[in-house]
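# Any chance you could fold what I've pasted below:
(chains A and B)
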Amino acid sequence: MSVKIAEEWVNACSGCEISIVDMGERLLDVLNLVEFVHIPVLMDHKYFGQLGDGSRLNIPEADVGIITGGIRNAEHLEVAEEMRRKCKIIIALGTCATHGGIPALANSWRFDDVMERVYSTETTDKAGFRPADGVPQVLDACLALDEKIKVDVLLPGCPPHPDQVFSALVALLEGRVPELPDKSVCDCCPTLREGKGQLKRLRRFLENPFYKSPDEPLDRMRCLLEQGFLCMGPVTRAGCGGGKVVPRCIAARVPCRGCSGPVRNDGNQLLDMLNALASNGIDIESLPEYTSLLRFSGAHNLLRPSSK
Amino acid sequence: MSRTIHISPITRIEGHASIAIQLDERGNVSDSKVHFMSLRGFEKFVEGKPAEELPRIVNRICGICPWHHHLASNKAVDRCFGVEPPPAGRKLRELMQTIAHAEDKLLHFFFLAAADFVIGPDSDYSVRNVIGVAKANPELARKVVQMRYMAKMILERFAGKTIHPVAGVAGGFSKPMTEKDRVEFLKQMRELLDFARFTIDFAKTSVFPAYLDAVQSLGVIRTGFIGTVDEKGRLNLFDGKIRLMKPDGSFTDFDPQDYTDYIGEQVMPYSYGKFPYARCWNEGFSLDLDSPRGIYRSNCLARINVADSMATPLAQAELEEFREKFGRPAQATLLYHWARLIEEVYACEHAVELLQDPEITDTNIRTKAEPGAGRGVGCLEAPRGTLIHDYSTDENGLITRANMIVGTTHNLGPINMSVNQSARLLIRDGIVDEGILNRIEMSVRAYDP
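Numbering: from 1, shown residues only, chains lettered A, B, ... in the order given. Just a heads-up that it's a prediction; the model follows:
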């Protein structure tokens, strides 16, 4: 008996869906074991019946429901609630679904201010109205899924590595709950740490880090934070490198920006990072600004409009 | 009795949209609208962020074409800071972008579009998808998955992340390419080029011939086109002048930095996405099927139309064959699928060229940048069209203002027109079935929005 899966993307960019496709040939094996009953990116099942004459949004029943993206508007909410009603297990796939992701950076503004900018750019002809006909009403903030529906499995990552998606699907097919590593990116990072140094200030990433030659292995390159670049590895959940374990940005010799969200699900990447820096004697005033430290986890009311 | 048909959501596309078709008392189409639902506000929420961080933020605009946002953003940041990447840094960026084009087109053709042609537009939705295609043709499916995976793994192995990349950096690229990698990637891209040639031959012999009538009728509209060309007028995906072509084939070339003189955007009451139009034509904006005003299209068919020629030999031969059959500019909407496969050949040929260039392994890949006040427009051809990122920074190099025009948005007006055209063509006397509604969606899918 195959496992029925329903998949939905709400306030999403489709990166998580592409990560599913990027399983490569494993995807073909998975397709032999599961039956997709609803997945808009690949399949033509419609909300209001195949002839568009239904009156209520309907998604078929499934064993597993995968949702990517956070909740930003009334339709996202309706879809998420219908998925919850119809699916036995709900997986929040990707950091937008688990913590708001990049779109939750908008939570630093009232949405009216966001609209004001979008509809008054230098190329936009003045309209005197805002779109409202047949488009869903926007909510006050960009929310993680668990702010509106019960979520059974959180699988952060921007996007999660195909290996992580595959492992999670295999676990579910075997009747297990997928487990996340409770380590940080630093715990999986091969770069050399030489201990507390004399570092007092951080530099912006405007030049490449030091390493001796193009083929020098990562375990011979000094930790990027110790080289003076902001790296969110200490406060970010491990796992982004999939089966190969090496954090993906580090593999490109670029510092981590926290895309898998906090190490503990309810952590605060901004406060945790500032604490980590301050306790190592690094002047946090050397950072150009702070809200970027919550760029992946601004839902759950962590980013809010300033009161001015 | 008049009624409205909702196609919701439009499926096997990359974004969020739905269609509303209004029927009059006799059951004929009186109006149609395509609603584009997504409104995230990138132009606002990047304000105040360090400019050098933007390539790692705005790539989240799209998970299918993140490399293009990433690299257009890098170009804009370079200009804000007045820094020029060394030749190898620039070439590594271009190589990554070109390979990203190559895998994207395979994804669209085989995973999203093929089912309509291979399984058939009237077949049941439960098999009219990539899973149905894979069951009907398992050997081809395995080959497609392998080939696309190979291209994606070049990006992952070399650049760490393939979705939401990080390796493009202010002033260049984050790591040089070793000779060992170059040799390996060159071998793989040659293999992908063989597959691109197989794919276009397969499409021309086994897929398109059965649909030539549909090509001449479904979603056909008459518009202008936009794309990027090099100094010789050849199609270029990474850099060059923007060419804006009128429906009659005449055109103007302009520097991307001047885009605001040429392109405007209309706010529509029924779409969060704005509708760009050719402001410089001074004819206003109208989606009227018989006399559209200011409307041009982007993406592969547009690029194939605006280019005088292709810069690589196999793609040039394909262009000549295409032009012989369909003229210039070709207006039939379903020809996007054909044009996409010509570009696939070009992207693979060009990636091979770049990997044969000895300079690509040069270790001087990044110029140190200094944050400062400035303005920069970064432009390139994303798979879905001319992509524009335009930033201003303050003296600390923080973003003060951003404007972005994303590839697909150029096509939002034309998609509305194609849906209107196909709905009027196919729905008569209130008779609607799944095949008809799917054909209307096919006129959207061609644009790969």
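
# Now do the helices in the stretch 251-400 of chain B.
Here the stretch 251-400 of chain B has its helices, by DSSP state H, counting those that start in this stretch, at B:300-306, B:313-326, B:335-356.

# now the stretch 51-200 of chain A
Under DSSP H, counting those that start in this stretch, the stretch 51-200 of chain A gives helices at A:74-86, A:95-99, A:111-118, A:162-173.

# For B:V83, which of those is the nearest?
B:V83 sits nearest to helix A:111-118 of all those, at 27.1 Å, using Cβ to Cβ. From N, CA and C alone the C-beta is placed, and that goes for glycine too.

# can you put the helices of the stretch 51-200 of chain A in CSV and add distance to chain B?
Below are those laid out as CSV (distance: least, Cβ to the nearest Cβ, whole Å):
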stretch, distance to chain B
helix A:74-86, 7
helix A:95-99, 8
helix A:111-118, 4
helix A:162-173, 9
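
# Tell me which residue in chain A sits closest to chain B.
A:G15 (2.4 Å; Cβ to the nearest Cβ).

# how about the nearest residue to that residue, chain neighbours excluded?
Closest residue to A:G15 apart from its sequence neighbours, by Cβ to Cβ, 6 or more residues apart in numbering or on different chains: B:G63 at 2.4 Å.

# Go ahead and confirm that neighbour touches A:C16.
Yes: using Cβ atoms under 8 Å, B:G63 is in contact with A:C16, at 6.8 Å.

# what touches both of those two?
Counting by Cβ atoms under 8 Å, 6 or more residues apart in numbering or on different chains, the contacts common to B:G63 and A:C16 are A:P159.

# Neighbour count: the two, which is higher?
A:C16 (29 against 23; other Cβ atoms under 10 Å in any protein chain shown).

# What's the mean pLDDT across the helix or strand harbouring that one?
According to DSSP states H and E, A:C16 maps onto helix A:15-21. Average pLDDT, helix A:15-21: 96.

# helices or strands up against that helix?
Secondary-structure packing of helix A:15-21 (3 or more Cβ pairs under 8 Å, 6 or more residues apart in numbering or on different chains; DSSP states H and E): strand A:3-9, helix A:162-173.

# now the last one: how far from the chain's centre is it?
Translated: helix A:162-173. With Cα atoms, centre = their mean, to the nearest Å as the basis, helix A:162-173 stands 17 Å off its chain's centre.

# elements contacting it?
Checking 3+ Cβ pairs under 8 Å, 6+ apart, helix A:162-173 ends up next to helix A:15-21, helix A:25-33, strand A:87-93, strand A:153-155.

# just to revisit the earlier point, what distance do you get for the residue nearest to A:G15 to B:H69?
10 Å (Cβ to Cβ, to the nearest Å).

# and what of B:E265?
B:E265 is 18 Å from B:H69, by Cβ to Cβ.

# isn't A:D22 right up against B:L155?
No: under the criterion of Cβ under 8 Å, A:D22 makes no contact with B:L155, lying 10.1 Å away.

# So for the two, which sits in the more crowded spot?
A count of neighbours by other Cβ under 10 Å puts A:D22 above the other of A:D22 and B:L155, at 26 against 21.

# Which residue lies nearest the spatial centre of chain B?
B:R384 (1.3 Å; Cα atoms, centre = their mean).

# Does anything pack onto the helix or strand hosting B:D78? Which helices or strands?
In this structure, B:D78 sits in helix B:66-81 according to DSSP H and E. The contact analysis (3+ Cβ pairs under 8 Å, 6+ apart) places helix B:66-81 against helix B:87-106, strand B:168-169, strand B:374-382, strand B:385-393.

# Out of these, which one sits most buried?
strand B:168-169 (a mean of 29; mean count of other Cβ atoms under 10 Å in any protein chain shown).

# Report the rounded mean pLDDT for it.
So the average pLDDT for strand B:168-169 ends up being 98.

# what do you get for stretch B:270-280?
Stretch B:270-280 comes out at a mean pLDDT of 98.

# what do you get for stretch B:324-334?
On average, stretch B:324-334 scores 98.

# Please work out which residue of chain B is closest to chain A.
B:G63 (2.4 Å).

# CA atoms only for stretch A:98-109, dumped as PDB, please.
The C-alpha coordinates for stretch A:98-109 follow below in PDB (Å, rounded to 0.1, in the frame of the first residue of the first chain):
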ATOM      1  CA  THR A  98       9.300  26.800  10.300                       C
ATOM      2  CA  HIS A  99      10.500  30.300  11.100                       C
ATOM      3  CA  GLY A 100       9.200  32.700   8.500                       C
ATOM      4  CA  GLY A 101      12.300  32.800   6.400                       C
ATOM      5  CA  ILE A 102      13.500  35.700   4.300                       C
ATOM      6  CA  PRO A 103      10.000  37.000   3.500                       C
ATOM      7  CA  ALA A 104       9.500  37.600   7.300                       C
ATOM      8  CA  LEU A 105      12.000  40.400   7.000                       C
ATOM      9  CA  ALA A 106       8.900  42.400   6.000                       C
ATOM     10  CA  ASN A 107       7.700  42.100   9.600                       C
ATOM     11  CA  SER A 108      10.000  45.000  10.400                       C
ATOM     12  CA  TRP A 109       7.400  47.200   8.700                       C
END
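
# one step back: which of the helices and strands packed on helix A:15-21 is buried the deepest?
Ranked by mean neighbour count, with mean count of other Cβ under 10 Å as the criterion, those are topped by strand A:3-9 at a mean of 23.
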